[in-house]
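Colleague: below: sequence and its predicted model.
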Amino acid sequence: MKEQVTINSFDFARDAREFRGTISPRDLERLSDTLFSSDGELDYLLRGHADAQGQSKIILQVQGELVLVCQRCLGALRHHVDTTVHFVIVPNEGMMPAPEEEQDDADYLVADPKLDVIALVEDEVLLGLPMVALHEAAECGVNVTEATEQKESPFKVLQGLKLGKR
């Protein structure tokens with residue numbers, strides 16, 4: 001059962017708090033379509049701090065392993081998760097910088113008195129998934145060389161007929 005974990009993001013960052021947890025992939029509902037099984041677990045660490053300019057920041061680290069579905073053979077594919085995201089906390093949406101002014105190494109969060117930590121972890125895990133989960137060719141249950149061999153194009157036969165008539 002998924003435990004509801006919320007923090008006041010601004011206070012958390014300002015007070016330099018730290019929070020750790022472990023979550024099962026089965027508790028991440030939006031991730032369920034990509035999972036082969038709910039084996040594995042994700043450890044996360046949330047740390048707040050203020051930088052030298054006084055900006056409130058939160059660092060999220062997520063590590064663990066998921067078992068995804070290989071899109072080629074539909075078998076189990078172990079996927080290692082190791083991500084670190086730096087968030088700058090802004091008081092309201094009006095304080096969000098324009099895209100061209102954003103820092104390249106940071107994302108922005110609007111201060112939230114009830115920030116759902118598990119949803120934040122799930123968002124970052126989803127963003128870190130491969131676009132298409134595939135085994136390496138040698139590890140896949142499908143013979144990749146047979147699947148990728150080109151058969152003669154039916155259009156080539158038509159081209160031959162067309163050229164032979166002229």
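Modeller: All right, it came through fine.
Colleague: quick one: least confident helix or strand in this structure?
Modeller: Ranked by mean pLDDT, DSSP states H and E, the weakest helix or strand in the chain is helix 144-148, scoring a mean of 50.
Colleague: next one: the closest residue to Pro97 other than its chain neighbours from Leu46, what distance?
Modeller: In space, and not counting its chain neighbours, Pro97 is closest to Tyr108: 7.1 Å by CB to CB, 6 or more residues apart in numbering. (C-beta placed from N, C-alpha, C; glycine too.) As judged by CB to CB, to the nearest Å, Tyr108 and Leu46 stand 16 Å apart.
Colleague: likewise for Gln4?
Modeller: For Gln4, the distance to Leu46 - CB to CB - is 15 Å.
Colleague: so between these two, which is more surrounded?
Modeller: When neighbours are counted by other CB atoms under 10 Å, Leu46 comes out ahead of the other of Gln4 and Leu46, with 24 against 9.
Colleague: name every strand pairing with the helix or strand in which Val62 is found and say which way it goes.
Modeller: Following DSSP states H and E, one finds Val62 within strand 56-69. The pairing partners recorded for strand 56-69 under DSSP bridges are strand 35-37 (antiparallel), strand 42-50 (antiparallel), strand 76-90 (antiparallel).
Colleague: can you redo those as a markdown table with distance to Leu134 and mean pLDDT?
Modeller: Shown next, in a markdown table, are the strands paired with strand 56-69 (distance: least, CB to CB, whole Å; pLDDT from 0 to 100):
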| stretch | distance to Leu134 | mean pLDDT |
| --- | --- | --- |
| strand 35-37 | 13 | 91 |
| strand 42-50 | 21 | 95 |
| strand 76-90 | 7 | 93 |
